[in-house]
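**Q** Quick check, what structure comes out for this input:
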Amino acid sequence: MKKFCLKAAVYLLLFALLPAVLSAAVDPFNVFHPLSIRDNGVEVNKNFVKMTYILANPDRFDTLLFGSSRVGDMHVEKLRGMHCYNMTYSNGVPAEHLENLRTLLKNDAAPKRILLGVDVLSYTNDPAGHRADGLRAPYELSREKPLAFWSLYLDPTITWRAVVTTMRGHTPTPGFRERFYNFGWNHDYDTPTGERVDSHGAFALVSSVRRMPQTLDEIAQFVRLCRDNGIDLTVFTVPIYADTFDEALEADYALFLRKLADITPYYNFTGHNRITDDPMQFYDPSHPSAQTGDAVIACLCGEKPDDELYNAGFGRLVTAENADAFVSMLTGG
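**A** Sure thing, here's the model as predicted:
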């Protein structure tokens with residue numbers, strides 16, 4: 001009877017552990033295999049995986065680009081004089097970039113330069129919600145509260161949905177792993193543009209949260225941390241589609257642009273202009289294309305855009321001294 005009870009207990013334990021073992025093996029978000037990811041049809045938890053990768057390879061890049069998925073298609077290999085990695089992830093916000101930078105500094109893995117892309121989502125997304133989201137759970141949560149972090153990835157229903165996605169015929173993208181670790185961007189130049197730009201309602205153009213004071217304070221802390229540690233920081237506003245920009249103005253985006261200049265100078269790429277008014281420069285209402293990213297990169301590398309774009313505010317440096325006049329021009333009032 002004792003042997004039977006022992007065997008039964010072992011089998012019950014194995015049965016109870018089976019979902020966790022399967023979850024780790026399938027690994028939909030690639031958190032159990034962050035240095036050897038697989039294209040399984042489910043989006044990678046890029047905050048966790050990219051931070052793990054950079055911490056494991058602290059000398060590979062001298063520049064990091066932080067931002068939400070709206071910087072996701074900036075081909076950072078075109079940044080002249082920089083060896084840059086794109087840290088983009090879905091709904092990334094300055095609060096999390098600040099924590100990432102603190103982690104990098106603590107582990108002697110901070111870069112020489114940082115590019116920080118911001119927009120209306122920077123203050124209309126609440127980072128607290130990411131801590132319970134398998135796609136966006138931050139790297140720091142895995143260190144502060146490992147049980148809370150890893151429990152997000154032991155849900156058998158998520159694992160089963162990933163298996164179903166694969167079984168339905170997901171075709172892995174050639175070079176997926178190499179592109180992820182070498183550059184970090186999402187789409188190449190052959191990705192169709194313009195097709196989904198009018199799909200309002202299908203994308204989070206402007207979220208419902210309002211935490212502008214907190215976000216501005218987090219950006220200010222980020223700026224001070226870079227300054228105090230000798231990191232060359234460039235802040236810029238990400239191009240957003242014209243209709244999205246108009247929607248952002250309803251969420252006090254003009255106020256954000258004015259207050260941002262009091263914290264740090266930044267390069268502007270938002271507003272109405274030849275690029276942002278053109279749906280073919282965007283994949284959807286929320287995400288600029290790789291081609292649009294190239295126009296931003298050219299300006300960040302010191303190339304002044306043509307007079308038409310520049311006069312519309314694209315590539316202009318905004319400072320505390322010119323912010324009021326500039327934002328009034330940009331917004332028409």
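
**Q** what are the phi and psi values for Gly117?
**A** phi -100, psi 130 (degrees, to the nearest 10).

**Q** In space, what's closest to it - neighbours in sequence excluded?
**A** Nearest residue to Gly117 in three dimensions, chain neighbours excluded: Gly67, at 3.3 Å (C-beta to C-beta, 6 or more residues apart in numbering). Where C-beta positions appear, they are placed from N, C-alpha and C, glycine not excepted.

**Q** wait, what's in contact with the one you found?
**A** Gly67 makes contact with Met87, Thr88, Gly92, His97, Leu115, Leu116, Gly117, Val118, Val238, according to C-beta atoms under 8 Å, 6 or more residues apart in numbering.

**Q** Over to Leu104?
**A** Ile54, Leu55, Ala110, Pro111.

**Q** Taking those residues, tell me the two that lie furthest apart.
**A** Leu55 and Pro111 (12.1 Å; C-beta to C-beta).

**Q** Neighbour count: those two, which is higher?
**A** Neighbours per residue, other C-beta atoms under 10 Å: of Leu55 and Pro111, the larger number sits with Pro111, 25 against 16.

**Q** Pull up the per-residue confidence for the more buried one.
**A** Each residue has a pLDDT score; the one for Pro111 is 98.

**Q** Can you classify it by secondary structure?
**A** Under DSSP: H, G, I helix; E, B strand; the rest coil, the three-state class of Pro111 is coil.

**Q** Compute the distance between it and Gly117, please.
**A** Spatial separation of Pro111 from Gly117 under the definition C-beta to C-beta, to the nearest Å is 15 Å.

**Q** try Phe66
**A** 7 Å.

**Q** quick one: the residue nearest to Met280 when sequence neighbours are not counted from Phe245, how far?
**A** Computed as C-beta to C-beta, 6+ apart, the closest residue to Met280 that is not its neighbour in sequence is Gly194, at 4.3 Å. Per C-beta to C-beta, Gly194 is found 17 Å from Phe245.

**Q** between the two, which one's more packed in?
**A** The neighbour count for Gly194 versus Phe245, taken as other C-beta under 10 Å, is higher for Phe245 (23 against 14).

**Q** The more buried one: what's its closest spatial neighbour, skipping adjacent residues?
**A** Thr270 (5.9 Å).
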